[in-house]
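S.K.: sequence plus predicted model, see below.
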Amino acid sequence: MKKFVLILSVLLAGAGSVFAQKSKNHNFEINRNLEIFSDIYRQLDMYYVDTLDADTVIGWAIQSMLKQVDPFTVYYSEDNMDEFKTMTTGKYAGIGAVVRYIKKEDRVAINEPYEGTPAQKAGVKAGDVILSIDGVDIKGMPVDKVTTMLKGTPGSSFVLKVRRYGVKEPLSFKIVRENIQLPSVPYYTLLPGNVGYIILTGFTDGCSKDVRRALVSLKEQGARSLVLDLRGNGGGLLSEAVEIVNFFVPKNKKVVYTKGKVQSANTEYFTRKEPLDTVMPMAVLVDRWSASASEIVSGSLQDFDRALIVGTRTYGKGLVQAPREVPYNGSLKVTTSRYYIPSGRCIQAYDYRHLNEDGSVGTVPDSLTRVFHTEAGREVRDGGGITPDVIVKPDILPSMVVELAVNDVVAEFGNWFVAQHETIAPAGSFDVSDQDYAKFVEMVKESGFTYNKRGRELLKLLTKSAETEGYSDEARGALNQLDSIFKGNLEADMERNKKEIKMLLNDEIVRRYYYQKGGAELQVRDDKELKEACKLLADEKAYKEKLHITD
């Protein structure tokens, strides 16, 4: 009980200057509801037929309260502080591997070890099914529990026992945990046409230094233009975003400012150093998962007319979170302000305080967004993320390919392939052979894989509606035709979608041999958005026209 009251007390105390301006009625409502909550839990604890677990019950109450604000305000108990530190710093102590649940095994397996980490150095490979950790059988354990067991104090060791495809006896590895730094820049390279290319996966502590090193290296190699890839980058530290913008715009430019309820949340962020390059043609790749700090970087560079933004509209997260200490070694990541980029716009797309009738989160309609202007006078809008200067929609994958991507049979094919091939071609040129693809088709057929589930569910609903409304006879022919289509022909569909499925398999295989860097190198080969960005950078006239640059 004390735990809940103390958390709320800290929140109230931290915002004392605000609540002092509120009416007595507001303060009364707060105290009244806290007293009611306290008394209800006290009576439950005393009279309820079973003994209650305070951490569980009050934990639910805390999570329910936080759901009333936004999904970014999160409470981290002492037990979850490792997750909080990993999120903000990109660091954790463990073995350096991603794991996944294998339904058929009812066990967790190694999905992907990071290169140069304890797991990879010990000899652990993707596809290894975990049998035990220090003698503890993990069968039936959820992924989060296994992950917790793999993490620990730096320097501590344990024995990992696994089963590997093609190896009769289980394998055991003694692994010493280390501090793991997740790579913020997993890959950068010089593309044809002297185009520098940098992938930034997250705005963790110190990531700007990694971007700087990559940029300097690319310029030394002869880069004359640059593509910064922020696709899938969900954001992170605002200060790191400002540092990265500073590489490309002059000193003393206001990159972003925040406005909140309390004075301390109102802050302006300026570029503080001399830039590395203010003239190199530049494009930034974004997608619907580019959020927060990614939108600060892409939006600021757009507002300064410093780069062309290419891809699809970003997520639209214009809210800023700050950590607040909570009693008993916890932390509350709380939304304290909204941020505004140089043109003055806030790109927040979702209104979490006013839900739709069906409970979904409302967004700002395009008709209600406001017009702002970049330094060169180009029109940009608020209220809906960053809209790219050049929209390039990714290809829509057939549902069959999407369902295969999350199916265990792809990993099983990876296990089989590695057992058959000691080495493969370089990452950028590797391609699954037709012979190996035929083997995959065979494995899929034997696995009992089904697809088009959504289509068949909708067909059942349509058939039921036809019966209810008395159109069964008239609709029978069309419904039978649809039924035939949605049943599909596995072999024929796998041949028709061969190109997309092979891309999926290529990624699975390449990462087994060349890890994350190899996966990024392979992606470059068939990257539609990247190719469009390079095309724009190569056309100097078109590039300047889009940015309203005059000589």
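M.R.: On my side now, so go ahead. Keep in mind the model is a prediction, meaning the values are calculated, not measured.

S.K.: helix, strand or coil for residue 386?
M.R.: For residue 386, the assignment made with DSSP: H, G, I helix; E, B strand; the rest coil gives coil.

S.K.: now residue 81
M.R.: Following three-state DSSP, the label given to residue 81 is helix.

S.K.: for it, the count of nearby residues, please.
M.R.: Neighbours of residue 81 under the rule other Cβ atoms under 10 Å: 13. No exception for glycine: its C-beta is placed from N, CA and C like everyone else's.

S.K.: and residue 396, by the same measure?
M.R.: 8.

S.K.: from residue 451, how far out is residue 402?
M.R.: Residue 402 sits 9 Å away from residue 451, going by Cβ to Cβ, to the nearest Å.

S.K.: for the two, indicate the residue with more neighbours.
M.R.: Remark: of residue 402 and residue 451, residue 451 carries more neighbours, 20 against 14, as counted by other Cβ under 10 Å.

S.K.: which parts of the stretch 351-500 of the chain are helices?
M.R.: Applying DSSP state H, counting those that start in this stretch to the stretch 351-500 of the chain gives helices spanning 399-405, 408-420, 434-447, 453-468, 472-487, 490-496, 498-525.

S.K.: report the buried residues of the first one.
M.R.: Of the residues in helix 399-405, 400, 401, 403, 404 count as buried by neighbour count, 16 or more other Cβ atoms under 10 Å.

S.K.: max pairwise distance over those residues: which two?
M.R.: Farthest apart among those by Cβ to Cβ are 401 and 403. That separation is 7.4 Å.

S.K.: which one of the buried residues of helix 399-405 sits closest to residue 541?
M.R.: In terms of Cβ to Cβ, no member of those lies closer to residue 541 than residue 401, at 38.4 Å.

S.K.: list the contacts of the closest one.
M.R.: 497, 500, 501, 504 (Cβ atoms under 8 Å, 6 or more residues apart in numbering).

S.K.: please tell me how far the nearest residue to it once chain neighbours are set aside sits from residue 132.
M.R.: Spatial nearest neighbour of residue 401, chain neighbours left out: residue 500 (4.7 Å); criterion: Cβ to Cβ, 6 or more residues apart in numbering. Distance, residue 500 to residue 132, by Cβ to Cβ: 38 Å.

S.K.: same check on residue 466?
M.R.: Using Cβ to Cβ, one gets 55 Å for the distance from residue 466 to residue 132.

S.K.: now residue 306
M.R.: In terms of Cβ to Cβ, residue 306 sits 54 Å off from residue 132.

S.K.: elements contacting the host helix or strand of residue 336?
M.R.: For residue 336, the host element (DSSP states H and E) is strand 330-340. Applying 3 or more Cβ pairs under 8 Å, 6 or more residues apart in numbering; DSSP states H and E, one finds that strand 330-340 makes contact with helix 2-14, strand 74-76, helix 81-89, strand 254-260, strand 319-326.

S.K.: the same query, at a cut-off of 6 Å, please.
M.R.: strand 74-76, strand 254-260, strand 319-326 (3 or more Cβ pairs under 6 Å, 6 or more residues apart in numbering; DSSP states H and E).
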